[in-house]
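> Only the shape, not the letters, is given here:
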């Protein structure tokens, strides 16, 4: 009885996109946790019905939500969060290519229980089963670009302190359920990319903290170097970074980085056309046009963030969640943090 009382219920939301070959191992690791009170929700997109049926039979205790049209990873988080049991206190979000150490959950729940100001947290995420870090969380630069702390570094015991971060890596993190909804959840219009950075920023604006703890361990089994010249990635990243700055900065703090980012992106369009990288140039151009055509809805989200979510001023949090990149490239920031 005491064991159950000391372990509040946790809802796991697994985002699955055509990934049945990965999903079974992911679910197996969840049900192998040393934790007594949990539920699992899989938000699936575009998986073949026969493959999905086989997984459902193997895991009858899992709630599956299937979409024939991809809602995007960002909105999939919200779908899962809304389906979580009313008596769940915490939400764990995972990609389907994550496997968990059996003791993954206890350190995160204990951190949350001990510190009510902690709204979101993550532990160590390794590349596969190696000792190389995939992520220990993010710190932002002024323009929203996030340094992935520890990425590519070998674990030599150099990250053993609990610390504040700007946002947790979307691949695997825990959130206080109340904080998730108070921060507005994920922005579904982001679809993919930058959505985790944006959400973490709003968790801070809502008056919570985002933390890293070294005691929780997970493994990103299919994580690989992202093709940064993919037109799809370029389109969403360009669009979402601009939208994030519009929404989350106060006016006085946001004007300069916003103007600088826009100038950089416009210049990038011309540079890519000049270098005959037409697919990337058009992806950037489409992103900028999307910002113009969607500005009304983005500004509406800004009003919601500034009037309903924001509880504390920028000056209170920016020094704690931003890596001040005075003239540094994102690659140099990453190197400095690893």
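Ah, there it is. Quantities reported herein were computed from a predicted structural model and do not represent experimental measurements. Residues are numbered from 1 along each chain as shown.

> Going by C-alpha atoms from here, please, whenever you check contacts or count neighbours.
OK.

> For the chain, which strand extends over the most residues?
Longest strand of the chain, by residue count under DSSP state E: strand 209-220.

> So what touches the helix or strand just after that one?
Proceeding N to C from strand 209-220, the next assigned helix or strand is helix 231-248, under DSSP states H and E. For helix 231-248, contacts defined as C-alpha atoms under 8 Å, 6 or more residues apart in numbering pick out 143-145, 190-195, 198, 201-202, 227-228, 254, 258, 261-262, 265, 279-280, 283-284, 286-288, 290-291, 298-299, 301-303, 305-306.

> how is this protein carved up into domains?
The chain is divided into the following domains under automatic domain parsing: 2-220, 231-310.

> Of all these, which one is nearest residue 321?
Residue 321 sits nearest to domain 2-220 of all the domains of the chain, at 4.4 Å, using C-alpha to C-alpha.

> Please tell me how far residue 244 sits from residue 250.
Distance, residue 244 to residue 250, by C-alpha to C-alpha, to the nearest Å: 12 Å.

> and residue 124, what is it in contact with?
Counting by C-alpha under 8 Å, 6+ apart, residue 124 has contacts 133, 135, 136, 213, 214, 215, 216, 217, 218.

> Spell out the secondary structure type for it.
Taking DSSP: H, G, I helix; E, B strand; the rest coil as the rule, one finds residue 124 in the strand state.

> Leaving out sequence neighbours, find the closest residue to it.
Of all residues beyond its chain neighbours, the one nearest residue 124 is residue 217 (4.9 Å), with distances taken as C-alpha to C-alpha, 6 or more residues apart in numbering.

> count of neighbours near that neighbour?
Look at residue 217: counted by other C-alpha atoms under 10 Å, it has 21 neighbours.

> returning to what we had before: which one of the contacts of residue 124 is nearest residue 312?
residue 213 (24.2 Å).

> For the closest one, give its distance to residue 121.
Distance of residue 213 to residue 121, computed by C-alpha to C-alpha: 7 Å.

> Now do the shared contacts for these two.
Common neighbours of residue 213 and residue 121 (criterion: C-alpha under 8 Å, 6+ apart): residue 108.

> which residues of this structure fall in strands?
Using DSSP E, the strands found in the chain span residues 10-17, 38-45, 63-67, 90-95, 98-100, 118-127, 133-135, 138-140, 146-148, 163-164, 172-176, 209-220.

> which regions of this structure sit below the pLDDT cut-off?
Across the chain, residues meeting the criterion (pLDDT under 70) sit at 1-5, 223-228, 324-338.

> ok, longest helix in it?
The helix that spans the most residues within the chain, counting by DSSP state H, is helix 251-274.

> How about that one, which residues are buried there?
Using 16 or more other C-alpha atoms under 10 Å as the test for burial, helix 251-274 gives 254, 257, 258, 261, 265, 268, 269, 270, 272.

> The longest strand of the chain to strand 172-176, inter-axis angle?
Orientation note: strand 209-220 sits at an angle of 150 degrees relative to strand 172-176 (axes from the mean of the first three to the mean of the last three C-alpha atoms, to 10 degrees).

> The chain should start at 38 in everything you say after this.
That works, and once the first residue is 38, the last one we named lands at strand 246-257.

> Adding distance to residue 60, write the strands of the chain out as a markdown table.
Formatted as a markdown table, the strands of the chain follow (distance: least, C-alpha to C-alpha, whole Å):
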| stretch | distance to residue 60 |
| --- | --- |
| strand 47-54 | 7 |
| strand 75-82 | 9 |
| strand 100-104 | 12 |
| strand 127-132 | 9 |
| strand 135-137 | 9 |
| strand 155-164 | 17 |
| strand 170-172 | 19 |
| strand 175-177 | 26 |
| strand 183-185 | 25 |
| strand 200-201 | 31 |
| strand 209-213 | 14 |
| strand 246-257 | 12 |
